[in-house]
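Visitor: For reference, the sequence and a predicted model appear below.
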Amino acid sequence: MPVPDNLSYDLHALTRRLDRAADRLLQSEENVSYARFLALFAAGQSAGTQRELAQWLGLTEPSTSRMVGVLVGEGLLEVHSVRGSGNRRNVRLTGRGSALVERCGRLLDQRFREMVQISGVAYDSYQADTRRLLDLLDKQQAAAEADAKAVL
């Protein structure tokens, strides 16, 4: 079957392949899945609630709760209930979790930089263009969320 000649397909295929390559690399080097690394990374970025973590990851709250439980059991995350807020639980990295995120992040960045260099693509340009696209998507999402709140 021929590969479609459009950028949206190419970006989807690239993302899917990068995710799988990242998973293989992290499994072999650090014995952690890419999904768990992303959960730890997100927790380190926000130190917010378990609900916010689920939203960041694009997972359901029950799936996130199970993953958080595993990561707490491995000593990589801490969970603290917020007094007077019902079932709200804040998550944050432990020292071990923070060190793992740091090592994995360096490893992934190094491999991606090597791949970009081998491909002949200018890393700084690629990063700048990617950030512009992400900024646009963030603005569109914020506008959509503001519109949804205005309807309520």
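Guide: It's in. Numbering: from 1, shown residues only.
Visitor: From here on, just use CA atoms for contacts and neighbour counts.
Guide: Fine.
Visitor: Any regions of this structure where pLDDT drops low?
Guide: 1-3, 47, 84-86 (pLDDT under 70).
Visitor: how far is stretch 45-62 from where the chain is centred?
Guide: Centre-to-centre, stretch 45-62 and its host chain are 10 Å apart (C-alpha atoms, centre = their mean, to the nearest Å).
Visitor: Quote the end-to-end distance of that stretch.
Guide: 21 Å (C-alpha to C-alpha, to the nearest Å).
Visitor: what does that stretch rub up against?
Guide: 38-39, 42-43, 64-65, 88-93 (C-alpha atoms under 8 Å, 6 or more residues apart in numbering).
Visitor: 10 Å instead?
Guide: Outside stretch 45-62, the residues that touch it by C-alpha atoms under 10 Å, 6 or more residues apart in numbering are 35, 38-43, 63-65, 67-68, 78-82, 87-93.
Visitor: Please, which helix or strand holds Ala43?
Guide: Secondary structure assignment for Ala43, by DSSP states H and E: helix 34-46.
Visitor: remind me, longest helix of this protein?
Guide: helix 123-151 (DSSP state H).
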